[in-house]
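quick one, fold the following:
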Amino acid sequence: MAFSDDDLDRYARHIMLREIGGPGQARLRKAKVLSIGAGGLGAPVLMYLAAAGVGTLGVVDDDMVDLSNLQRQVIHATGAIGTAKTASAAETIAGINPGVDVVRHSLRLTEENADEIIGGYDLVCDGSDNFDTRYLVNRACARASVPLVAGAIGQWDGQLSVYDPGKGGPCYACVFPERPADGLAPSCAEAGVVGALPGVIGSLMAMEVIKYLCGAGEILVGRLLVYDALAAETRTLTVRRDAGCGVCGDA
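Next comes the predicted model:
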């Protein structure tokens, strides 16, 4: 895949990296990545992947930009209040890198549409804020053998992992087979969240996508990274595939 002079200039700092180079940058340009959500986590994911030159970015979100979003959802500007998040995100992405194709899915993901949407992508990033969507995305990714980079945040804490049972790793349901009891994992709207936290976790999610697509380094498959912002500490926990998992298990 030939690069224009502008491409060579734009991606020069990538191309000079041994782990990416020209072949890796070409893989990024060919890739199709879907972001579930254009909110706190989706914002840095989409912005950094656009800057990195991922060729096609899909965005699933049925929400409108609200003033309360702007404390953390940095892909949206004040002037976008009242507009669809997918439209606002697409406009910002075009400003970062006009060479990126944006596919807007201005809808809520459901059992009826998840397989068709997710099956059209090479990799999925899930930054959704509810367990129904997380489990739905995981099932669809497992059925389509599409790797899933999933992150979650709340108050001062965040976590992420790469779920890829097709390569022997666990799926999301292996690690979290049951949703927490009511009140144990409140949403950001219920419990609050510090504005910079999704930037930290979302950027790490984008990093895992870039590494995965370029074949660089060690991917967070089989590992769960946990970040405590108040203590300024990270931990990495080993997680394993469950042979009896109802989503990806041997049965």
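
what about Ala229, how many residues close to it?
Ala229 has 18 neighbours, counted by other CB atoms under 10 Å. All C-beta spots, glycine's among them, are computed from the backbone N, C-alpha and C.

and the longest helix anywhere in the chain, what does it pack against?
In terms of residue count, the longest helix belonging to the chain (DSSP state H) is helix 197-214. Applying 3 or more CB pairs under 8 Å, 6 or more residues apart in numbering; DSSP states H and E, we find helix 197-214 packed against helix 21-30, helix 42-52, strand 123-126, strand 148-154, strand 157-163, strand 223-228.

the third one packs against which elements?
It stands for strand 123-126. Against strand 123-126 (3+ CB pairs under 8 Å, 6+ apart) you get strand 32-36, helix 131-144, strand 148-154, helix 197-214.

orientation of the longest one relative to strand 223-228 in degrees?
Interaxial angle of helix 197-214 relative to strand 223-228 (axes from the mean of the first three to the mean of the last three CA atoms, to 10 degrees): 160 degrees.

could you pull out the buried residues of helix 197-214?
Residues 197-202, 204-214 are the ones in helix 197-214 that count as buried (16 or more other CB atoms under 10 Å).

tell me which residues are up against the helix or strand of the chain with the lowest mean pLDDT.
The helix or strand of the chain with the poorest confidence is helix 188-191; it has a mean of 83 (mean pLDDT, DSSP states H and E). With CB atoms under 8 Å, 6 or more residues apart in numbering as the test, helix 188-191 has contacts from 40, 129, 153-155.

wait, which of those residues is closest to Thr110?
Nearest to Thr110 out of the contacts of helix 188-191 is Asp129 (CB to CB; 16.5 Å).

burial count for the residue lying closest to Gly166 once chain neighbours are set aside?
Residue nearest to Gly166 in three dimensions, not counting chain neighbours: Ser145, with 4.4 Å by CB to CB, 6 or more residues apart in numbering. Ser145 has 12 neighbours, counted by other CB under 10 Å.

ok, the one 3 residues further on next?
Around Leu148 sit 26 other residues, with neighbours defined as other CB under 10 Å.

same check, this time on Val146
Residues near Val146, counting by other CB under 10 Å, number 20.

repeat for Gly82
Gly82: 10 neighbours (other CB under 10 Å).

thought it was touching Asn69?
No: assessed by CB atoms under 8 Å, Gly82 is found out of contact with Asn69, at 11.3 Å.

of all the helices and strands packed on strand 123-126, which one is nearest Ala12?
Using CB to CB, the helices and strands packed on strand 123-126 put helix 197-214 closest to Ala12, at 15.7 Å.

test my guess that Gly55 contacts Arg29.
Yes: counting by CB under 8 Å, Gly55 touches Arg29, with 4.4 Å between them.

from the chain's centre, how far out does stretch 237-251 sit?
How far stretch 237-251 lies from its chain's middle: 22 Å, per CA atoms, centre = their mean, to the nearest Å.

how far away is Ala152 from Ile93?
Relative to Ile93, Ala152 is positioned 23 Å away (CB to CB, to the nearest Å).

have a look at the two and say which one is more surrounded.
Set side by side, Ala152 and Ile93 show more neighbours around Ile93, with 22 against 19, by other CB under 10 Å.

wait, Ile153 sits on Pro198?
Yes: if you go by CB under 8 Å, Ile153 and Pro198 touch, sitting 5.4 Å apart.

Asp122 touches Val149, doesn't it?
No: assessed by CB under 8 Å, Asp122 is found out of contact with Val149, at 11.6 Å.

more neighbours, the two?
Val149 (28 against 18).

thought the more buried one was touching Gly127?
No: in this structure, Val149 is not within contact of Gly127 by CB under 8 Å, at 9.2 Å.

any common contacting residues for those two?
Contacts common to Val149 and Gly127, judged by CB under 8 Å, 6+ apart, are Met205.

right, and Asp228 touches Gln155 too?
No: using CB under 8 Å as the test, Asp228 is too far from Gln155 to be in contact (10.3 Å).
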